[in-house]
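In: Model the structure of this input:
(3 chains)
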Amino acid sequence: MGGYGDVQLLRDDGLRLDGRKLDESRPVSIQAGILPAADGSAIVTHGLNVAVAAVYGPMEAHPRKIQRQDRAVIDVRYNMAPFSTSDRIRPGFNRRSREISKVTAEALESVVLVERFPRSKIRVEIEILAAEAGTRCAGITAASVALADAGIPMRDMIVGVASGKIEDTVVLDLDKAEDNYGQADLPAGILPNTGEIAFLQMDGDLSPEEFDLAMEYNFKAAKEIHEIMVDALKARYDGGDN
Amino acid sequence: MSQGRSGAEQRLVTPGMTIGSLSGMRVGSGAISQNDEIIATKLGWVRESNGTVSVDPINSPYLPRSGDLVIAHVAEVRNNLWFMDINGSFQGLLPMSLAPWKVEFGQARQHMDIGDAALARVQEVDECHNVVLTMKGVGLRRLSQGAVVEVPVNHLDRIRGDNNSNLDRMKDTSDCRIIVGENGRVWIDGDDNGISWTREALAIAKQHGHKKNFDSIMKKHEGSFTRKGDA
Amino acid sequence: MVELVPNLLRQEMARLAEQDARIDGRARFEGREIILETDCLYNAEGSAKVTMGKTVVYAGVKFEIRTPWPDRPSEGSLMCGAELRPVAHRKYEPGPPSPESIELGRVVDRGIRESGCIDMNSLCIIPGEKVWGVMIDIHVLSDGGNIFDACGLAAIAALRTAVVPAERFDVGEDYTLSVNGTPIMASFTRVGGRYIYDPCEEEELGGDERIHITIGDEGHLHSLQKGLRGVFTPQEFAEIFEVAQEKCAELRKIVAEKEAN
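Out: Residues are numbered from 1 along each chain as shown, chains lettered A, B, ... in the order given. Take a look at the predicted model:
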């Protein structure tokens, strides 16, 4: 979080700089099955963020030391393309992408029926093509749709959502300016059908009441985005002529 | 299609979606029970038969089961065994003793080399997903000619049709020998024209296999076949 | 990961070649349909997406301000890199850039650089102090065969739409990058004993060596690369060079038509 309130992020009419209401998400669109070489894939556009996910497997886990005798491991790579941000990123793994990859993998391992595939790994490749605050959430959403597209059994999907605080006000889905100059960011991975949480991070400053409200917004957004995920999966297969 | 996938019965579900209450129903593949409810674990069509609720997945990895007829490619050869790629998570192991030939120790490679295709059967799958293959049995052999085409595992039923009706029609039209492996590989042998027509037919199955009008699309393709010299 | 090459596929390739046929029904020198999109990446100063059959490739252009080399005080720089990340295919494994990634990036780089379509002196801001560094990053998302041509096309199309972000760097107003030419790559793979244009995935798997030819607007060669195991004759090269001229002109037209819209 950048710091406290020297930049105005809320307009006099109470709306946000881009005209959104406090509990309004940026527009989200999703398409499944967009990468023909992968076993499953999806592209998620969330505001100006573009996240692509590809799934390969299950396949034998290599190297041997990562193999689990009782279940599959999910091998996630979250990567930002060099041209995805305003200043070019040098290719390669960094600490941030390693951390996001780790917690994303653990979140997905909580919903995928990993015990069905002992000694296997399922590769999930998340590529961020355009970043504008909220890429890890768009990445989780894309990964869930790609896993479903690949036919990997899951007890639920995960929806990536985030709320935060700007000018002492809790808002849903921070954009880049709000992320840079806001006071808190609370990304979460929500299981839409069970209402459980598989992914949670937070930085900044939130009171217990603000946390509750932020999570309430997150659950509301998860429900909305889940419908778009379901439509994307159905659109790929439903009906007689598409 | 068989399995009652017609008209109003079609219901497409996504992972995590509640199919209905458990109330005495058995839970089949592609679903789990959770808090007295049946939950889909895969993207697919709900099927209910004989008190069992399951989901016919739209896409699915190949999970070998004993007895499966598979089309395998040799990936590695040792003195006394072959490791075969069977389009699954793990390679299948074909020991010398289950080969259709009398093999001297160290001579495995002379019977079947890397990249060769074979028609084999899954002998055994253990809890750790180790797969043992056999080539002892009627028709099991090295495939030394023809072409192998990959198709989605979950489209095999549609490719075969009720009582193999689709498959038989494909064979008749193309005048090819066609063998469907449970591992999503189809072997086609015949003249070039027949192979290329069958390859197209399988591509159509891949693209349209899950659709209601699949049969009519397929019939149209059958009409398009021209034997060499016909046109 | 080394992919297993089924012997039946090699056999089929040879049989098809005898009939002058291809596995996907194309003629020997027929390319797949190309879908080119430009301005498709929000944070890139120039961008393009190319879809060719099962192949999907993105390219994005970024700029930075750097100090010029002492011996070339008024010249900026151009760099083109490619990433063959594990997203693109089952066969690509994680890890440091593979030789294949590096080769791909360098072949595309040479074609664009040597065509002279970017005047390095035009990238000067203050001689001896500040010049623009132009970076084209290519990202292969789905490898369905012939990623070289897809990457070459995406790179030049992205470059030709690039806007120099001078305002953001506080050195004047944004302006369109001046690109004088459209170098285009055409690739050929030996399949069943003879060269074919624009190989698909199966043809690459069941084929042999490949040749990449980059040609500029005037029909001159700007980069050549022979890759993989195999040899060819001068006569074979003469034949595909002629085809390459034709193919490159067709692709150049696709880029021009996209820009005109």
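
In: how about stretch B:211-225: buried residues?
Out: B:211, B:214, B:218, B:221, B:225 (16 or more other C-beta atoms under 10 Å in any protein chain shown). Backbone N, C-alpha and C define where each C-beta goes, glycine included.

In: quick one, what contacts residue 20?
Out: Going with chain A. A:26, A:171, A:173 (C-beta atoms under 8 Å, 6 or more residues apart in numbering or on different chains).

In: Sorry, I should have been clearer: chain C.
Out: Shown in contact with C:Asp20 (C-beta under 8 Å, 6+ apart): C:Arg28.

In: Give me the buried subset of the contacts of A:Arg20.
Out: Among the contacts of A:Arg20, the ones that count as buried by 16+ other C-beta under 10 Å are A:26, A:171, A:173.

In: isn't A:Leu213 right next to A:Val171, touching?
Out: No. Taking contacts as C-beta atoms under 8 Å, A:Leu213 lies outside contact range of A:Val171: 9.7 Å.

In: rewinding a little: would you format the buried residues of stretch B:211-225 as TSV with pLDDT, distance to chain C and secondary structure included?
Out: Written out in TSV, the entries for those read as follows (pLDDT from 0 to 100; distance: C-beta to the nearest C-beta, whole Å; DSSP: H, G, I helix; E, B strand; the rest coil):
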residue	pLDDT	distance to chain C	secondary structure
B:Lys211	72	21	coil
B:Phe214	77	21	helix
B:Met218	79	18	helix
B:His221	84	14	helix
B:Phe225	79	14	coil
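
In: what about residue 140, is that helix, strand or coil?
Out: Going with chain A. Put simply, A:Ile140 is helix when judged by DSSP: H, G, I helix; E, B strand; the rest coil.

In: um, chain C though
Out: C:Val140 ends up strand, using three-state DSSP.

In: Pick out the residue of chain B closest to chain C.
Out: Nearest residue of chain B to chain C: B:Gly115, at 4.1 Å (C-beta to the nearest C-beta).

In: Let's test this: mean pLDDT of the longest helix along chain C, rounded?
Out: Under DSSP state H, the helix in chain C containing the largest number of residues is helix C:234-260. In this model, helix C:234-260 has a mean pLDDT of 97.

In: Show me what from chain B comes close to chain A.
Out: B:12, B:14-18, B:30, B:32, B:34, B:39, B:41-43, B:57-61, B:89-91, B:127-129, B:154, B:210-213 (C-beta under 8 Å from any C-beta of the partner chain).

In: What's the separation between A:Leu129 and chain C?
Out: Spatial separation of A:Leu129 from chain C under the definition C-beta to the nearest C-beta, to the nearest Å is 6 Å.

In: And the strands in chain A, which stretches?
Out: Shown for chain A, the strands assigned by DSSP state E span residues A:28-32, A:40-46, A:49-60, A:73-80, A:120-130, A:159-166, A:169-172, A:184-190, A:197-200, A:203-204.

In: per the record, what domains does chain B have?
Out: What automatic domain parsing lists as the domains of chain B is B:7-57, B:69-143, B:147-223.

In: Now the phi/psi pair for B:Asp172, please.
Out: Dihedral pair for B:Asp172: phi -60, psi -50, per degrees, to the nearest 10.

In: Distance of it relative to B:Ser29?
Out: Plainly put, B:Asp172 is 33 Å away from B:Ser29 if you go by C-beta to C-beta, to the nearest Å.

In: Please apply the same query to A:Ala72.
Out: 18 Å.

In: A:Glu115 too?
Out: Distance, A:Glu115 to B:Ser29, using C-beta to C-beta: 15 Å.

In: who has more neighbours, the two?
Out: When neighbours are counted by other C-beta atoms under 10 Å in any protein chain shown, B:Ser29 comes out ahead of the other of A:Glu115 and B:Ser29, with 15 against 10.

In: Since that was my last question, I'll sign off now.
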